Every structure is written in structure tokens, then in C-alpha cells.
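Novice: Sequence first, predicted model second:
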Amino acid sequence: MNGDISQLLPLLGYMAFMIGISFYVRHQQQSGLMNNFVKTYFIGNRDLGGFVLAMTTVATYSSVSSFVGGPGVAWNVGFGWVYMAVVQVTAVFLVLGIFGKRVALLASKFNAVTVVDIIRHRYKSDLLAEISAFIIVLFFCATMVAQFVGGAKLFEAVTGYSYVTGLILFGAMVVVYTTIGGFRAVAITDTCCAVMMMIGIMMLVYFVLQAGGGYDSIVAHLETNRPDMLEPLSGGKMPYGLYLTQWILVGICTIALPQSVVRGLAFKNNKSLVRAMLIGTFAVGFMNIGVNLTGILGQGVMTGAPADYGGTDSIIPRIVVTAMPATLASIAIIGPLSASISTISSLLLVGSSAIIKDIYLYRQERKGNKPGDGKLRILSMLATAVIGAIVFFIAMTPPSLIWLINMFAFGGLETAFFWTLLLGLYWPRANKTGAMLSMVGGTVLYCLAQGMGFKIMGLHQITIGITVSLILFLIGSYVGKSEDKETLGDFFPE
Amino acid sequence: MSEKEKYLQIRREAMWTGITLLILIVFWVLAGFGLAGVDIKVFGLPLWAVAGTFGVWIFAMVLVKLLTTFVFKDIDLETDGTPSRKGGQP
């Protein structure tokens, strides 16, 4: 199968634009990069305004699966799925409202560049910091592979070009622009991505309505043939337990994801934070409702059983191909691919900051060495490029293990960091013993439960992970000794 | 604002953000499951399907607007206190 070269032009142009942005940003930030490379490269200069802060948070959080897998299920399940997806409107205002200013203030006190920096200062433990960095790198890599694979498969299905072509076209390019431009380039390209996602959704809704014979006729079809899609429990496909665990997994606990919390180190001022909370809530709602609604409206185009189309994952690519003219399809596909690349770029940078700042640089400084800025510049960019390259090559032929780790990733990160950050930053009694037990014990148990398919009352394993890590945290905090006065004075001023 | 006052204000904002979440959860339950049996149609759809999706979205934006207007205050995000000690320990 081979596509038409003109179909690739919009994507090519888009990726070239992204790389252009990264060079521009690099040039613009020259003085910052000269003075303090690590800080400027990994978190910018604390200059994100409200709109960009909102968009980069939303774009990082929305992955390719919210654009392909999710709406495919919505096509089969109906409005219950949208009702469940809408819980994600909490994600942006929660993380910025609870951690934004707290993290910003602490970062200015400790000159922190990463979330791990703050954990290190709060618990005074290098081991805990290195475990945090390890968990971040491991789970991030798995997530990135999954994003690459999801994006490339979609590309293949829509354009007719091969999986590898897609991977090189958008995958290699993300690694390039992230490596060159650092955090500020990621923030700006993320903003473009978020805008393209919304445009893509609007195009999809329009064309799927056209192809399905109009809104009224699609709704009439649902009423007659699929009344289950108009019920919250969807004829048993949407049990209450699923709603509950989704609230925890993609709503409340997302506040602890390091890639979101790190945004607290990057915003300009109070006003930009407040604006981002509002704009971000708008954008998350728009995307999640819009994209899943597209899936439901797809019933007007495809009325068979999921198996007729090769599973629910194939629904969205099919809708794009059947409902849209080919030239427009090549533009619309930029939306979901944007969801994929904007997640990859942020994870890539936080991952490489974990290796360079949290492990390498810290160890050097402890030994009394102070690596020069030139050396740090090369190492930081090298780390970003190397992680990107490794992930890229794994995505070429993804091993089955990677799916296992990716399945763990979201809940694993939440289990590891939720209590460590929330209690650490707001509960003076929280200490190293509690954090260590909670992070290691909770994450290991969560992964074991996932791996063995063990569930309690049929609920997703995040419920086990988050409960166990809380219990371990409390035990450790009451049994172990409190952090010393100086630390507590820094975090909870008297 | 002293360091302590800043901390207390930030903690207050965080707490109210949490309360906002709780209010939103209650609204979500009522707007979706609560209205599931009601026989009213909006845009040809059952009331819950609109209130539980678009309704929750709009309500969330209203709540965030109220939260940021009435609870959030401008504070100086640069600290004047220096950390008592650097880094971690083995």
C-alpha cells in the first residue's frame, strides 16, 4: 500500500515549523543558556504566561490514546463514556491550584529545577531522590514508546504510508526539536499542538456529522437501534466501579504526575497561574467531550459490531478515512499526532533532567566537582537525544514487555508520587521513612497486582496502589523520626 | 507577607481547591446518575447525557472562576528566606 505524496505535505510542513520554533527559541534564550544552561534548558526562565501554561499542561496530559483508543470505545459505549471522560476537567485546576504556587515558592528558595529536587530537600534523602528519578525514567520511557507506536499506527492507517515512515516523520522530529530547544520550545510547540488538536476535533465533528446524514438522523438511529448508548451504565458496559476508578486514575491522582507538577516551576506570576487554571479547564473539557462525541457520532457512519472493523482502536482512523476528503484527512491527522508528540516532548525533557540534574550533577557536586557549563550543555542535550533515540528504536519493534510497563505507568507514577508530594508539602509530620515505604512499597505492590491481574472488588489496581501507599506512608511517618527543625522551618515557616 | 503568611495563604488555596473538587464530584453525580431517570430531552438527547457532560464542564469553569476570584491572592513568589542547609544526606 502506498499513499499520495501530497498527503504528507501538511505534516511535513508542521514538523518543519516545530523545528523552526526550537531554533528560534534557542537563539532567543542565548543569554539564559549561557549563564545557567541547566535551569534554562530544563524549565525555561519562569516566563510562561497563562495561555501557554494551560496549553502545555493540557497537551502533555492528553495522549494519543485519548484521541484514538478512547473515542473508539465511545463509539461502542455511548454517552456513559463521555460522562466518564469529563472527570478529566479536574486535572488542570487541581494540579495548578494545589501544587502550583507551593512548588514555585519552594523552587525559588532552593533554586530547584526538578520535582525530584524538591523531594530531596523535603526528605533529606539522596536514596529517595534517586529512586524517584529511576521511577520517572522507567515509566516515562514506556509511556513514550506507547505514544510513538500509537501515533505511527494511526499515521499508517490514515495515509497508507508505512509505520516506519510515520515514526521517522513525526517521531524523530520530536526528539530533534526537544533536544535543540529545551523546555521553552516544548512549551511553545505544545501550545501549537493543543490548538491543532482542537482544530482537528472540530474538523472531525463537522465531517462525521455530514457523513452520518446530520445530527438528527444520527440521534434517531441511536434511539432506535442503540438505546443502551443513551444510558449512563450503557447496558452493563459501564459499571459504577469503572466510574470510581476513573475518578482516581485520570482525575484526582493525576495531580502527582511529575510532568504536570514540574509546570509549577515554570510559570511567570500569580495572574498567569489563575488564567491557566481557567483556560486549561476549558481546553480539557473541550477536547475530551469533543473527541468522544466524535466517536459516538461515528455510529452514523459505521453501524456494525466492533469486530467488523478490527476492534475499537480502528474506529477513529476509519472515521477519518471514510468521512473526510483525503486532503483534509492529512490535516486532521495532525491533531491526534500532536497529542502524541506533545506528550513525548515533555516526558523526554523531564526524563533527561532526572538523569542529568538529579543524578549526575548532584553526585558531581557532592564530590566537590563543578562541571562547566559547556560540559553540562553537551551532556544535557546528549541525554535528551539518547533517551529519545532509545525510545525511538524500541518503538520500531516494540517488545511485548513494553506494553506491560506502559499499563503500569500512569498508575505507577501516581502511586509513587501522590502521597509523597501531597503529604510532604502540606503535612509537617511526613518524613523520610514514610515516603520511602510508600514510594517503594506502593509502587512494587501496584505493579505486582497489575502483573498478576489481582483486583479487589473488580476495581482497577490503582485503588490498591494508592491505598497501600497511604497506609505505608502513615505507618512510616509515625514510626520513623521527624525531619529536623531546619528542614521543617524551610517547608513550614514559623 | 511573611514566609509564614505566604505558606498559610497557599495552604488555604490548596484546601479550597480540594473543596472545589468535592463540590464538582457531587454535581457530577447529581447531573449524571441523578438525572438518568428524568424523561426530558435536550437537543434530542436524554437530560443526563447533556448535564453530565457539557453541564459538568461549564460548572467546572464557573467553580474555578469563583475559586480564583475569591480565594486566590497575589503573593510574591520569590522567597526572601534562604534555605537553612543545602542538598540531602546519604
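Specialist: Received it, and whenever you're ready, just let me know what you need. Numbering: from 1, shown residues only, chains lettered A, B, ... in the order given.
Novice: any idea how far residue A:151 is from residue A:167?
Specialist: Applying C-beta to C-beta, to the nearest Å, the value for residue A:167 to residue A:151 is 8 Å. Backbone N, C-alpha and C define where each C-beta goes, glycine included.
Novice: Comparing those two, which shows the higher neighbour count?
Specialist: Legend: neighbour count by other C-beta atoms under 10 Å in any protein chain shown for residue A:167 and residue A:151, higher for residue A:151 (31 against 21).
Novice: Identify the residue spatially nearest to the more buried one, adjacent ones excluded.
Specialist: residue A:340 (3.6 Å; C-beta to C-beta, 6 or more residues apart in numbering or on different chains).
Novice: Let me know whether residue A:454 touches residue A:461 as I believe.
Specialist: Yes. When contacts are counted by C-beta atoms under 8 Å, residue A:454 is listed as touching residue A:461 (7.3 Å).
Novice: leaving aside the residues next to it on the chain, what's closest to the residue nearest the centre of chain A?
Specialist: In chain A, the residue lying closest to the centroid (C-alpha atoms, centre = their mean) is residue A:61, at 3.4 Å. Counting by C-beta to C-beta, 6+ apart, residue A:91 is the residue found nearest to residue A:61 once chain neighbours are left out, at 5.8 Å.
Novice: Can you show me the strands along the chain?
Specialist: Unless you meant another one, I'm taking chain A. Counting by DSSP state E, chain A has no strands at all.
Novice: Switch to chain B, please.
Specialist: In chain B, the strands defined using DSSP E lie at B:41-42, B:45-46.
Novice: Which neighbouring elements make contact with the last one?
Specialist: Using 3 or more C-beta pairs under 8 Å, 6 or more residues apart in numbering or on different chains; DSSP states H and E as the contact criterion, no secondary-structure element is in contact with strand B:45-46.
Novice: How far does it sit from its chain's centre?
Specialist: Mean-position distance between strand B:45-46 and its chain equals 28 Å (C-alpha atoms, centre = their mean, to the nearest Å).
Novice: Paired strands for it, with orientation please.
Specialist: Partners of strand B:45-46 in the sheet, by DSSP bridges, are strand B:41-42 (antiparallel).
Novice: Would you quantify the distance from residue A:71 to chain B?
Specialist: As judged by C-beta to the nearest C-beta, to the nearest Å, residue A:71 and chain B stand 14 Å apart.
Novice: list the contacts for that residue?
Specialist: Shown in contact with residue A:71 (C-beta atoms under 8 Å, 6 or more residues apart in numbering or on different chains): A:291, A:292, A:294, A:295, A:298, A:315, A:316.
Novice: same thing but 7 Å
Specialist: A:291, A:292, A:294, A:295, A:316 (C-beta atoms under 7 Å, 6 or more residues apart in numbering or on different chains).
Novice: can you count the residues close to the residue lying closest to the second one once chain neighbours are set aside?
Specialist: Using C-beta to C-beta, 6+ apart and skipping residues adjacent in sequence, the residue nearest residue A:292 is residue A:74, 4.1 Å away. Applying other C-beta under 10 Å, we find 28 residues neighbouring residue A:74.
Novice: Residue A:454 and residue A:461: which is more packed in?
Specialist: It is residue A:461, of residue A:454 and residue A:461, that has more neighbours when counted by other C-beta under 10 Å, with 26 against 11.
Novice: Give me the pLDDT for the more buried one.
Specialist: Predicted confidence (pLDDT) at residue A:461: the value is 90.
Novice: what's it in contact with, if anything?
Specialist: Residues near residue A:461 by C-beta under 7 Å, 6+ apart: A:411, A:446, A:449, A:450, A:455.
Novice: out of those, which one sits closest to chain B?
Specialist: Closest approach to chain B among the contacts of residue A:461 (C-beta to the nearest C-beta): residue A:411, at 19.2 Å.
Novice: The closest one and residue A:464 touch, don't they?
Specialist: No. At 9.3 Å, residue A:411 does not count as touching residue A:464 under the criterion of C-beta atoms under 7 Å.
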